[in-house]
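# make a model of this:
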Amino acid sequence: MPSGPTRLPSDRLLTVLTCPLCRAGLDRADGALRCPGRHTFDIARHGYVSLLTGHRRAPSADSADMVRCRAAFLRAGHYDPLVRTLAGLATELAPPDATVLDAGAGTGHYLAAVLDALPGALGVGLDTSAAALRATARAHSRAEAAGWDVWRPWPVRTGAADLVLNVFAPRNGPEFHRVLRPDGALLVVTPTGRHLRELHQPLGLLGVDARKEERLRRTLSAAFRPDRAEPLEYAMTLTAEDVTSLVAMTPTAHHLGPEELRRRVAESGTPVRVTASFLVSVYRPRRSGQ
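Purely as a prediction, here's the structure:
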């Protein structure tokens, strides 16, 4: 079947990204992005740009199966209360024409919801997984995707973003601070120790570190001041298919084979009531002297 034309990055994206090798601006050239120094980065036919040329995918990058499972679980609406919370906060924290960066964008599901709430906004999702980048690039008409490891210095202009999203993803405090405008905001979602607690023992899920929130604040304290934190907790009713998708999209998937997962889900009994428990935190960049 013909693949169709490659979706080209928008003009506005070119005002956000920089060359990861020399930090110069980028422009389109022969199906790629290129800087004045002729460093060249391919545009995939799915519409995302790979800025990690010459580097392997990170070992923790989501596989295609993990991305499919995450997309299926999110489409079923189980995390819709979280989606609505993020969209509502975005309208308070950023202007309608904001530039929104999603660090570790996954399927682009949360980024798309924020873009729906901000009618003139540009969204840019960073991820190391090609499967996740394909999903993000098609998640919304104003969503762009770039292949990058968020632990490394970002190929993004200083002060380019009004809002940075960080939903269940690695946190690079210095880069969050550098790319945000002085009046911008960082929106972080972390699971609490009660998240999915009913599944921990029967399925062998990896638990949440009880000191995770403390470590988050310590990681960000040098560059950010906490603005507010909103707990969000509710019950989900999950089928066997839901539970399988949920586990397959978590880090536990790296340690539990599909056959063993199906066996444990069958033995645990479904449908099952499961706790969803998150902390949604807003941080503001510290200015000099704060």
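
# isn't Val164 up against Val179?
Yes - contact criterion Cβ atoms under 8 Å: Val164 and Val179 qualify, at 6.8 Å. C-beta coordinates here come from the backbone N, C-alpha and C atoms, glycine included.

# where does the chain dip in pLDDT?
Within the chain, the stretches falling below the threshold (pLDDT under 70) are 1-7, 53-60, 206-213, 251-255, 288-290.

# mind jotting down where the strands sit in it?
For the chain, the strands defined by DSSP state E cover 27-28, 32-34, 40-42, 49-50, 99-103, 122-127, 143-147, 161-167, 180-191, 224-238, 272-285.

# elements contacting the first one?
Read that as strand 27-28. strand 32-34 (3 or more Cβ pairs under 8 Å, 6 or more residues apart in numbering; DSSP states H and E).

# helices and strands around the strand it packs on, which ones?
Counting by 3+ Cβ pairs under 8 Å, 6+ apart, strand 32-34 packs on strand 27-28, strand 40-42.

# between those strands, which one is closest to Ala169.
Closest approach to Ala169 among these (Cβ to Cβ): strand 40-42, 22.2 Å.

# and that closest one, what's buried?
In terms of neighbour count (16 or more other Cβ atoms under 10 Å), strand 40-42 has its buried residues at Phe41, Asp42.

# list the strands paired with that strand, with their directions.
strand 32-34 (antiparallel) (DSSP bridges).

# what does the partner strand contact?
Pro9, Leu14, Leu17, Leu26, Asp27, Arg28, Thr40, Phe41, Asp42, Ile43, Val49 (Cβ atoms under 8 Å, 6 or more residues apart in numbering).

# that older thread, out of the strands of the chain, which gets nearest to Arg215?
That would be strand 180-191 among the strands of the chain, by Cβ to Cβ, at 9.7 Å.
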